[in-house]
Structure formats: structure tokens, C-alpha cells
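can't give you the sequence, but here's the structure:
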């Protein structure tokens, strides 16, 4: 733990170094730190951290809590059944509702089950859009587009979409771990391009392409998901 | 609304030097803020829009509409609210993390990232830990982080609450972030 006095000294040097150009800094640090190598290292580490810190902590904390809340707000619990699907665990939430990992009890495979949010269940405009998502994606038979298995409605009147469960991370999660290497970026871009190309060929525009909607499977396959805003032309 | 009247009175007693009024104030602000935070996050999640208004500002407006608050009260109020916000979100992240991974130990995903992302719960808990470290060596900087990051206040508002200049807050905030970033990226491996 740094002592109070030492921290005050580090602060002074840090602020003075910041008033200088990067080229002048090295000489300046030699001068003020002298033989105190660890002081110099300390200040340099802070200057390095600062140089690459433009966005760090600049959005308020509660914005980051939104994702946690969405998971907690899941209404369906493990073991519950929706049609022939048995809920296993929540996977996340989108603008229209929650997504769960579920087991197709007839075919014995895992699927992703998207259920329209309770508050939209009776909103015909939202329901239409929800079903349109499934129709748009199922109109495409393409290896880079998430496969839709079924659309349906529960006993309690909730619309759902059963679709392929894609193992892997979103491109957003992947980017958070560091920049992509060029061959990797190209591999992803080519597959996303192929998916969108096939959609455009049948008159479907996705309209919400972003890293959150691009899934990367461990085997290298890239899948475009969430046609919830797609436009059928 | 009873609790807001209570809060105003407690703030007044506190600014008159009654330190125990602060202890009574905490749970009231906590409850109110918690309620507001949950509504807020739900709405944000659904509409995919990030509201620029700070939660604590909204809470303050709600109270001050019904009760006049002096300037000093307002500054104190923001201080308490930011602290409460930190507690709410950290408690929340801890519970969330434990339920998801079946334990209370966490390892940090923050490496070279500009903002929080893949694991908001673990990242928030890690940040809470290094902010405690900063508190030991520079309480003022830690307070700035609490007001800015957890309270969502602007530089200007933070300067008002701290009773210091805009330039000072800006400078200290920059160094505080560099300190936190460095601590998060260098020392915290899986523990």
C-alpha cells in the first residue's frame, strides 16, 4: 500500500508530466525521480493507463447493471414447461422479451426459446413484429443465419419462438477481450456478409446489425441473430 | 409521501450537526433509490435507450418538488445518494454473481478494456475493491469516483458537492481513473 506522502508526491509528478509533451516527459521524469526507480515506474504506469482511458468509467454504474436486472427479472423457472419445451435457464433478454435455454422433449435437443414480454402479450402490433422476426429468419435457409424451429403460443397466451441454440459468445463479448486479428475479422465479416447477402436476395433487410447480434461459435461458424427489426420489402 | 418528508427533516437535522440523523437517513434513501433504480433499469432495458439523467438527480427532484431544500442539503443529499447507489449496485452485483456462478468468489474479466462489458457483475465487484484501495490513499479522489460513476453526477455537479473547482475535479478524476484502471489490469488475477 502506498503511503499518503508518497501518493501526494506521485500526484504532483503525474500532473506536471501531463503538462509536458510526451517527448519531454522522459527527461522530466529522470530529473524529478532521480534514483527512485519505483516512483518512476509508478508514474509511468499511471501515464500509460491514462493514455488509453478515454471511455473508462464515463458511463454511470447503473447502466451496467441493466443486464443483471434483466436476468433476474426472468419469469420462467427451470423445470417449467412451455408446450413441448422444458425451461433450463435464462440466457438473456432483448427488447421484446426473455430468451431461455430449453430442452425440446420430443426431439431431445436443446433450443433457445424466446418468449414475448408479458406486457406486450396482448399488444397486437408487438405480437405481429415478434412473429415477423421468426418469419424473416425462417425465410432464409443459410448456414450463417440462426435457424427458426417453430413459432407458437402458450396456454396462457404468450407468443414464443423456438430456435437454434447457438453456443459461443457474441461479437461484443469477444471484442471486450481485445482487438480482433485481421484474419479473424475477415472470417467474421465474410460470414456476416454472406448472411446479409442471402437475406437481401429475398427482400429482407436486417436493420439492426451490431456486435450484440453476431454470435461466434467455437467451431468458427458465425451466426446472425435477432431479426426483430427486419423489414420485408 | 411520508418518506420524503422524513428525508427532508433528517437532512435538516444532519446539517445542524446531528450526526446520528445521517444514520437514520441512509436506509430511507436506500429504499427510495432502490425502487427508482429497479424501475429505471427495467425501462432502459426494454427501450434500449440510455437515459442521460442521473438517477440521484431524479430522486432529488422528486423530493424537492414537495419540500424546499437548501443548497447545503442538496450537496449532502447527493453525497449520501451516490454512496447508497454504490452500495445498491455492489450488493446487487454480488448477489447476481453468486446466483449465476454458485459462489461468492469472483475473477475479473477486465483486461485492456475501455469500458465494462462482458461481465458487469464481476467487473463492478472488482472496481468496488480497488476503489476501497483508493479510499485508503486518497479519500477525496475516491469520493469523486463515487459521485461521478455511482452517483452519475457531472463534473460541474461534483465540484459543487465537493466545494471545489471544476478544474480540480477534472484533474483528480482523470488520475483516479488511471489509478483504478491500472490496479484492475495489473494485480487482479483469479484469486
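All right, it came through fine. All of these numbers come straight from a predicted model, not from anything done at the bench.

next SSE after the helix or strand of chain A with the lowest mean pLDDT?
When the helices and strands of chain A are scored by mean pLDDT, DSSP states H and E, helix A:61-72 comes last with a mean of 61. The helix or strand immediately downstream of helix A:61-72 is strand A:81-82, counting by DSSP states H and E.

Specify the beta-bridge partners of residue A:222.
Beta-bridge partners for residue A:222, by DSSP bridges, are residue A:216.

quick one, what contacts it?
A:144, A:187, A:188, A:191, A:192, A:195, A:214, A:215, A:216 (Cβ atoms under 8 Å, 6 or more residues apart in numbering or on different chains). C-beta coordinates here come from the backbone N, C-alpha and C atoms, glycine included.

Closest one to chain B out of the residues you listed, please.
residue A:216 (12.8 Å; Cβ to the nearest Cβ).

Could you check the pLDDT of the closest one?
Note on residue A:216: pLDDT of 91.

That one is in contact with residue A:170, isn't it?
Yes. Contact criterion Cβ atoms under 8 Å: residue A:216 and residue A:170 qualify, at 7.3 Å.

in chain A, which spans are strands?
A:81-82, A:85-93, A:97-104, A:109-116, A:148-153, A:159-164, A:169-170, A:204-205, A:214-216, A:222-224, A:231-232 (DSSP state E).

Would you mind giving those strands as a markdown table with distance to residue B:186 added?
Below are those laid out as a markdown table (distance: least, Cβ to Cβ, whole Å):
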| stretch | distance to residue B:186 |
| --- | --- |
| strand A:81-82 | 47 |
| strand A:85-93 | 31 |
| strand A:97-104 | 36 |
| strand A:109-116 | 38 |
| strand A:148-153 | 46 |
| strand A:159-164 | 40 |
| strand A:169-170 | 25 |
| strand A:204-205 | 45 |
| strand A:214-216 | 28 |
| strand A:222-224 | 33 |
| strand A:231-232 | 47 |
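
Tell me which of these sits nearest to residue B:159.
Nearest to residue B:159, of all the strands of chain A, is strand A:85-93, at 37.3 Å by Cβ to Cβ.

Give the buried residues for the closest one.
A:85, A:86, A:87, A:88, A:90, A:91, A:92, A:93 (16 or more other Cβ atoms under 10 Å in any protein chain shown).

would you list these in CSV and tack on pLDDT?
As requested, these are exported to CSV (pLDDT from 0 to 100):
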residue, pLDDT
A:85, 93
A:86, 90
A:87, 86
A:88, 81
A:90, 71
A:91, 75
A:92, 70
A:93, 68
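
which one of those residues is nearest chain B?
Out of the buried residues of strand A:85-93, the member with the shortest distance to chain B (by Cβ to the nearest Cβ) is residue A:93, at 6.4 Å.

Any regions of chain B where pLDDT drops low?
Low-confidence segments of chain B, defined by pLDDT under 70: B:1-5, B:36-72, B:96, B:98-120, B:187-191.

please redo it, this time with the cut-off set to 50
For chain B, the stretches flagged by pLDDT under 50 are B:1-2, B:47-53, B:102-117, B:188-191.

in the longest helix along it, what's buried?
For chain B, the longest helix by residue count, based on DSSP state H, is helix B:71-101. Neighbour counts using 16+ other Cβ under 10 Å place B:73-90, B:92-94, B:96-97, B:100 of helix B:71-101 among the buried residues.

same deal with stretch A:100-117?
Buried residues in stretch A:100-117 (16+ other Cβ under 10 Å): A:100-104, A:110-117.

before we move on, the earlier item: next, format the buried residues of strand A:85-93 as JSON lines and append distance to residue B:34.
Formatted as JSON lines, the buried residues of strand A:85-93 follow (distance: Cβ to Cβ, whole Å):
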{"residue": "A:85", "distance to residue B:34": "34"}
{"residue": "A:86", "distance to residue B:34": "34"}
{"residue": "A:87", "distance to residue B:34": "28"}
{"residue": "A:88", "distance to residue B:34": "30"}
{"residue": "A:90", "distance to residue B:34": "22"}
{"residue": "A:91", "distance to residue B:34": "26"}
{"residue": "A:92", "distance to residue B:34": "23"}
{"residue": "A:93", "distance to residue B:34": "20"}
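
Among those, list the two that are farthest apart in space.
The span of these, defined through Cβ to Cβ, is set by A:86 and A:93 at 19.8 Å.

follow-up on the earlier one: quick one, which of residue A:216 and residue A:170 is more surrounded?
More crowded of residue A:216 and residue A:170, by other Cβ atoms under 10 Å in any protein chain shown: residue A:216, with 22 against 19.

ok, now which ones touch the more buried one?
Contact partners of residue A:216, counting by Cβ under 8 Å, 6+ apart, are A:168, A:169, A:170, A:171, A:174, A:188, A:222.

so what's the closest residue to residue A:113 other than its chain neighbours up against?
Excluding the flanking residues, the one nearest residue A:113 by Cβ to Cβ, 6 or more residues apart in numbering or on different chains is residue A:102, at 4.2 Å. When contacts are counted by Cβ under 8 Å, 6+ apart, residue A:102 touches A:82, A:85, A:86, A:87, A:88, A:110, A:111, A:112, A:113, A:162.
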